[in-house]
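# sequence? don't have it. structure:
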């Protein structure tokens, strides 16, 4: 009997290196295609991991460039011409990466579109795609095979061609001469995470993008010979994921490791496993809620050092939503044992209309806050130092979001455009080489937020010693009897009650039947006991009265009811609309 040898085990893939002999360039290219051409000369690249954080696909920049050029040939063979829009469902993986850069090489404009969310239904996703497709009028929509039914229906409704990317990858790719892009040409369109009913496609040129990507690398002090490596779970349809964690690593030649966003949501600590695993120093960003989820997942009986080594996490970036000092402290408390340093936190501020970054905290300074008395947060232009009234009763901790990035100028202005001095709250305006061209085919919306090259961000803020402090979104402010209330102040107050967490509460203004403006507070409630719901409502009512001084409308609603944007942020405006239309149905509770 012949003895058979056991099959040899499948070799484990090897991640792209952190170090590279290729001299680092800091996004000093004329076009994004040139940036990938240069990165492809080295050995670094992108690395995709499964839900457990295990490497499934290393994707060197050289391989990405090869695949992208083949995709460009296929697009041109399909009739795509320069300045055509190509809509791409932005799933984190090599297929989207190759299609995005293939579109760039073909001279067309990639338009990343969102994946469906766990808190939205099939019909709402199809409608979201439809309105964004109608806005950008793409030549085609290319999508993952698993989304074929929904994406194909959206494409049909929008009157555009839909094709899944596995089919597209099998199309012929006859070699042709690729068009030469100009740095002043549009590189891509970015829809902000809140772009649903009235989407605004932000048009960004190659020069604008690369200026902001250079500002990233200089602001985060990425060294020429450094050991930095990026780790990300952020979605590629959001500006922080697309620009900060996909395009920036290519333009600055940084190897990057990815978890899909939905895998992070199921296993958030896999993110920290990835950070622990590599020998290099880590660059990794998250909104506040990502840090919150990880801190909550750690059992008080578990030693973080038994599983994680976060001592090399050099830049723990924080942005995309309001930064919560209490949450960040909870993260430090949970993971200091694993070597995490609070000084690694790097608060930032930005928006898609400025490409991404407007300000960054200098590395190593960590989170710094100023305590501001509630009555000073109205945005009336009065200096914070000018309060000579009675002893203040309530403060809010306002987080320092750093200094304007290289080449960016920031002003705080009154409603009439008058610049304000240090310490005075007003609208934040910014100007620089990375501010958008405008909204695609929407001159009215562009004119409403831009003037002489300056961008009205729509955020309220103040400056102090060159640092920016963000107070909140102007459009979210609740104004009752001439007094301003910030919804996050109300929401945070309710979150302090036992049983509630960030994201359970939405506050906004409504008009009562008597014609008066009053705050309404929707609270997701997990209790099914009628008496407990009644007790909770009264407890919440008292807590909100202590913050606002008013009797507010308090409504308890089922869990997972509050709407969110495609990037996971609470959408107060949509919550208000759904509540007023009756689509959010509160529990019936006896008065």
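The structure has been received and is ready for your questions. Here the structure is a predicted model, which is why all the values come from computation and not from measurement.

# which residues of the stretch 51-200 of the chain fall in strands?
Listed in chain order, the strands of the stretch 51-200 of the chain (DSSP state E, counting those that start in this stretch) span 55-60, 85-89, 109-113, 140-143, 161-164, 186-191.

# export those to a markdown table and tack on distance to residue 317 and mean neighbour count?
For the C-beta atoms, the positions are set from N, CA and C on the backbone; glycine is no exception. Conversion of the strands of the stretch 51-200 of the chain to a markdown table gives the following (distance: least, C-beta to C-beta, whole Å; neighbours: other C-beta atoms under 10 Å):
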| stretch | distance to residue 317 | mean neighbour count |
| --- | --- | --- |
| strand 55-60 | 23 | 16 |
| strand 85-89 | 25 | 27 |
| strand 109-113 | 20 | 26 |
| strand 140-143 | 30 | 26 |
| strand 161-164 | 34 | 18 |
| strand 186-191 | 19 | 25 |
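
# Do I have it right that residue 231 meets residue 282?
Yes: counting by C-beta atoms under 8 Å, residue 231 does reach residue 282; the two are 5.7 Å apart.

# Name the residue in these two with the higher neighbour count.
residue 231 (27 against 24; other C-beta atoms under 10 Å).

# host element of the more buried one?
For residue 231, the host element (DSSP states H and E) is strand 228-232.

# Heading C-terminal from that strand, find the next helix or strand.
Heading C-terminal from strand 228-232 (DSSP H and E), you reach helix 239.

# Mind giving me the packing neighbours of the helix or strand just after that following helix?
Remark: after helix 239, the chain's next helix or strand is helix 248-251, criterion DSSP H and E. Contact here means 3 or more C-beta pairs under 8 Å, 6 or more residues apart in numbering; DSSP states H and E; on that basis helix 248-251 packs against helix 32-39, helix 206-219.

# Please list the outside residues in contact with helix 248-251.
By C-beta atoms under 8 Å, 6 or more residues apart in numbering, the residues outside helix 248-251 that reach it are 27, 29, 32, 35-36, 39, 46, 61, 64, 210, 213-214, 216-217, 230, 254-256.

# Do me a favour and average the pLDDT over the helix or strand immediately after it in the chain.
Helices and strands here follow DSSP H and E; after helix 248-251, the next one along the chain is strand 256-258. Mean per-residue pLDDT for strand 256-258: 98.

# how much distance is there from strand 256-258 to the middle of the chain?
Here strand 256-258 is found 16 Å from its chain centre; the criterion is C-alpha atoms, centre = their mean, to the nearest Å.

# who does the following helix or strand past that strand touch, helix- and strand-wise?
Sequence-wise, the next helix or strand downstream of strand 256-258 (DSSP H and E) is helix 261-266. Helices and strands touching helix 261-266, by 3+ C-beta pairs under 8 Å, 6+ apart, are helix 269-277.

# could you check the angle strand 228-232 makes with the helix it packs on?
Counting by axes from the mean of the first three to the mean of the last three C-alpha atoms, to 10 degrees, helix 269-277 points 170 degrees away from the direction of strand 228-232.

# and helix 269-277 with strand 55-60, angle?
Orientation check (the same axes, to 10 degrees): helix 269-277 against strand 55-60 gives 60 degrees.

# which secondary structure elements does helix 269-277 contact?
Using 3+ C-beta pairs under 8 Å, 6+ apart: helix 269-277 touches strand 228-232, helix 261-266, strand 281-286, helix 288-297.

# The longest one: what's the following helix or strand?
For helix 288-297, the succeeding helix or strand toward the C-terminus, using DSSP H and E, is strand 313-318.

# returning to that earlier point: most tightly packed of the helices and strands packed on helix 269-277?
Each of the helices and strands packed on helix 269-277 was given a mean neighbour count from mean count of other C-beta atoms under 10 Å, and the largest, a mean of 26, is that of strand 228-232.

# On the pLDDT front, check residue 193 for me.
53.

# ok, now residue 530?
Here the pLDDT value assigned to residue 530 is 85.

# if I pick the closest residue to it other than its chain neighbours, what's in contact with it?
Leaving aside its sequence neighbours, residue 530 sits nearest to residue 589 (C-beta to C-beta, 6 or more residues apart in numbering; 7.3 Å). Residue 589 makes contact with 530, 533, 534, 537, 556 under the criterion C-beta under 8 Å, 6+ apart.
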